[in-house]
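**Q** below are the sequence and a predicted model for it; my questions follow.
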Amino acid sequence: MVRFPFRLKNLQSRSCGYPGFDLSCDATKQTLLRLPGSGAFTVHAIDYGAQEIWINDPGHCLPARLLSLNISSSIFKGVMVQDVTLFNCSSSSDYSTYGLNPIGCLSGSSHSVFATSSARAVGFLSASCGKVATVGVPAQWVFLEEVFSSELSDNLRLTWAAPRCGRCELHGGRCGWKSNYSLAIVCSKPQTLLTMVIKTLFV
């Protein structure tokens, strides 16, 4: 369920969300978040208590989107960022024997693209492949050990600093505007059944 600070653009009023937290739906009913300068991404999950959102590429080629991803001007930031280097290699060699898995949507019949966060793999690939780029990936998690080969298909994990509604959500409350004419945010707790019964007895 989409709720404050997010809102579904054109379906919910502006008062339902916080500036910059607009979501939309595409023709296939996917929920989208548009990041400034980086385009639209599908929303896979929102954790309101942790203030985190998981997104991916609606075109099913997240690695291509990562090459131009720039969230420096966005209100959303990576929870954990993993530096990953991409290489473009000739397909004449069988890189699978070295434990390397190509990125399918970036590879072709005459070349394979690999992504790694391993210094050992970077050294190995640098000798025979062309470096495409090193990108900071807002990963779901950062592995304690270096990843030798990745297809970079996992969701991106982002967070936001304001509005600070996490504590309110964790305690069963709901954040929202204090009024339609105020910029203040308040935490409202839903009435419990016990509270409703007590009120009924004393009415």
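**A** Here it is on my side, so go on. Every value quoted in this text rests on a predicted model; they were computed, and no experiment measured them. Numbers count the residues shown, from 1 in each chain.
**Q** show me how the protein divides into domains.
**A** 7-162, 164-203 (automatic domain parsing).
**Q** so of those, which one's packed in deepest?
**A** domain 7-162 (a mean of 16; mean count of other Cβ atoms under 10 Å). Yep, even glycine has a C-beta here, placed from its N, CA and C like the rest.
**Q** take the domains of the chain and write them to CSV, including mean pLDDT and distance to Met1.
**A** Below are these laid out as CSV (pLDDT from 0 to 100; distance: least, Cβ to Cβ, whole Å):
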stretch, mean pLDDT, distance to Met1
domain 7-162, 92, 9
domain 164-203, 73, 11
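**Q** now do the helices in the chain.
**A** 62-66, 119-126, 166-170, 193-201 (DSSP state H).
**Q** how about Ser110, what does it touch?
**A** Residues near Ser110 by Cβ atoms under 8 Å, 6 or more residues apart in numbering: Ser90, Ser91.
**Q** before we move on, what about Thr85?
**A** Ala115, Thr116, Ser117, Val122, Leu125, Lys131, Ala133, Thr134.
**Q** please tell me how far the closest residue to it other than its chain neighbours sits from Ala115.
**A** Nearest residue to Thr85, sequence neighbours excluded (Cβ to Cβ, 6 or more residues apart in numbering): Thr134, at 4.5 Å. Per Cβ to Cβ, to the nearest Å, Thr134 is found 10 Å from Ala115.
**Q** overlap in contacts of these two?
**A** By Cβ under 8 Å, 6+ apart, Thr134 and Ala115 have these common neighbours: Val84, Thr85, Leu86.
**Q** surely the first one is in contact with Phe114?
**A** Put plainly, it is Val84. No - judged on Cβ atoms under 8 Å, Val84 makes no contact with Phe114 at a distance of 10.1 Å.
**Q** isn't Cys175 up against Gly166?
**A** No - between Cys175 and Gly166 there is no contact under Cβ under 8 Å: 9.1 Å.
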